[in-house]
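# coords below, sequence missing:
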């Protein structure tokens, strides 16, 4: 059973999706074919890239989308819906086409990461759940990617179950963190559901339950002689915790051919304590004992600790990962981009005095250019569907606002990013293991320049519009009295 199938999520929608749908039906446009784009406007924490995640849960939701009698009875009780509309919901059958960028792919602002085509009522109704699913998991996968990058090859364990905003956020957040690069999770149900490695040692309460710290360590070592990891900061890390860990190794484990695997420090000056702990452990012949640090860590603190020469071998990261505490909103939006009339797509565009909220019209595709020699990502290009880039040897991209900023790309290969997920309501998505998704994510991040991945003032990655798409957008702006100065300087075709 998939995670979303544990409960009927069909009613997890903003109420206005349903009231709009009732009005669409009343006006006879509910079956008109519409196009919607899901995209985001800004990378969290002013980062250079985000990580796409949540596609599998989106698929689960769409496959299970049915309204039961209880749902219909409740909606009837509101008095806002006709019997015709309620009958439509009672016999609901999903028939939309859906495309999505694969999980684990680095993605960038203002490019569609999910595209939906289908009857207006259906395409409108699924907005809330698609946004909720992709926004949340992409947020956590992105944060995880940043933290893992800061750890510079050292394992990062996700420890945030108790600090997440609800149990779904805990479980699916741990899944997203693993996709983003975490080595495992403390969330047991996530391990069960998604086959993610579990990790965990002991709490301070365990140590306090025994007459002495040594007795607590002894009890744990006797229960788990092959995986003895000891929490050493309950009383005094250097004067008590580490000496008792050394004593456990010598008196309890070595006589049976075992060794203490690691110690965890959860408070204090992690840099100083890790350096001194490493010295004491090495002097006792425990060079193989790893030092794990936890306690309100994030990518900035981890980066600083490593720059200061700390001797930490692995990190447990909780609340600042599972909540993306520094910026806990991904900000994805879902916007109408076109409708079909007489076999043609009529572009639709939201116009706003806030330039960042002006949408891009048309049925679109997203392409990524890669350097043939280095496999580095050069730029993304959003085009009108049907434009063919596969046969071009050079291509001039230009900034969609400051159009005099241009670059000619050559020696590249180009790939379409949006992949079919549903065709006519039938799922064509090929389920992948969590390990495959994570490995893909790790590989895809290597295609980004380090300048794009740095934390502070990252290089802005190019996401440009094709000439035809740019021209269509400019024409619509002009029709709505919103022409820009750049229209007087159109790019060369």
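Done, it's in. Note that this is a predicted model, so its numbers are computed, not measured.
# neighbours around the residue nearest to residue 32 when sequence neighbours are not counted, how many?
Among residues not flanking residue 32 along the chain, residue 120 sits closest, at 5.0 Å (Cβ to Cβ, 6 or more residues apart in numbering). The C-beta positions use only the backbone N, C-alpha and C, and glycine is treated the same way. For residue 120, the neighbour count with other Cβ atoms under 10 Å is 21.
# likewise for residue 448?
Based on other Cβ under 10 Å, the number of other residues close to residue 448 is 17.
# ditto for the one 3 residues further on
Other residues near residue 451 come to 12 when the count uses other Cβ under 10 Å.
# please apply the same query to the one 3 residues further on.
Burial measure for residue 454: 13 neighbouring residues, criterion other Cβ under 10 Å.
# ok, residue 41 touching residue 110?
Yes. Applying Cβ atoms under 8 Å as the test, residue 41 and residue 110 come out as touching, 6.5 Å apart.
# mean confidence score for the longest helix anywhere in the chain?
In the chain, taking DSSP state H as the definition, the longest helix is helix 127-151. Average pLDDT, helix 127-151: 98.
# for the helix or strand that that helix is followed by, what is the average pLDDT?
Going down the chain from helix 127-151, the next helix or strand is strand 156-158, by DSSP states H and E. Average pLDDT, strand 156-158: 98.
# ok, now how distant is the most centrally placed residue in the chain from residue 455?
The chain has residue 138 as the residue nearest its centroid, 1.8 Å off, counting by Cα atoms, centre = their mean. Separation of residue 138 from residue 455 (Cβ to Cβ, to the nearest Å): 18 Å.
# now do residue 290
Taking Cβ to Cβ, one finds residue 290 at 26 Å from residue 455.
# compare the two (neighbour count), which wins?
residue 290 (19 against 15).
# which residues does the more buried one contact?
Contacts of residue 290 were listed using Cβ atoms under 8 Å, 6 or more residues apart in numbering, and they are 261, 262, 263, 313, 314.
# with residue 102 instead?
52, 55, 417, 419, 440.
# tell me the secondary structure for it?
Under DSSP: H, G, I helix; E, B strand; the rest coil, the three-state class of residue 102 is coil.
# check what pLDDT it gets.
98.
# try residue 483
Reported pLDDT for residue 483: 59.
# now do residue 487
pLDDT recorded at residue 487 is 43.
# equivalent analysis for residue 181, please.
98.
# tell me the contacts of it?
Residue 181 makes contacts with 144, 145, 147, 148, 149, 156, 438, 441, 442, as judged by Cβ under 8 Å, 6+ apart.
# mind checking which of the contacts of residue 290 are buried?
For those, a burial check counting by 16 or more other Cβ atoms under 10 Å picks out 261, 262, 263, 313, 314.
# doesn't residue 434 make contact with residue 194?
Yes. In this structure, residue 194 is within contact of residue 434 by Cβ under 8 Å, at 5.2 Å.
# between the two, what contacts are shared?
In contact with both residue 194 and residue 434: 175, 178, using Cβ under 8 Å, 6+ apart.
# low-scoring stretches of the chain, by residue?
1-6, 483-493 (pLDDT under 70).
# go again with 80.
Applying pLDDT under 80 to the chain flags residues 1-7, 390-392, 482-493.
# list the buried residues of stretch 182-190.
182, 183, 184, 185, 186, 187, 190.
# make TSV from the residues you listed and add distance to residue 365 to it.
Converted to TSV, the buried residues of stretch 182-190 look like this (distance: Cβ to Cβ, whole Å):
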residue	distance to residue 365
182	32
183	36
184	37
185	35
186	41
187	37
190	34
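# domain ranges for this structure?
4-140+328-488, 200-293 (automatic domain parsing).
# of those domains, which approaches residue 321 most closely?
Of all the domains of the chain, domain 4-140+328-488 sits nearest to residue 321, with 7.1 Å by Cβ to Cβ.
# verify the stated contact: residue 276 with residue 238.
Yes. The criterion here is Cβ under 8 Å, and residue 276 meets it with residue 238 at 5.4 Å.
# check contacts around residue 13.
Here residue 13 is in contact with 125, 126, 127, 128, 129 (criterion: Cβ under 8 Å, 6+ apart).
# dump the residue contacts of the third one.
Applying Cβ under 8 Å, 6+ apart to residue 127 gives the contacts 13, 14, 17, 36, 334.
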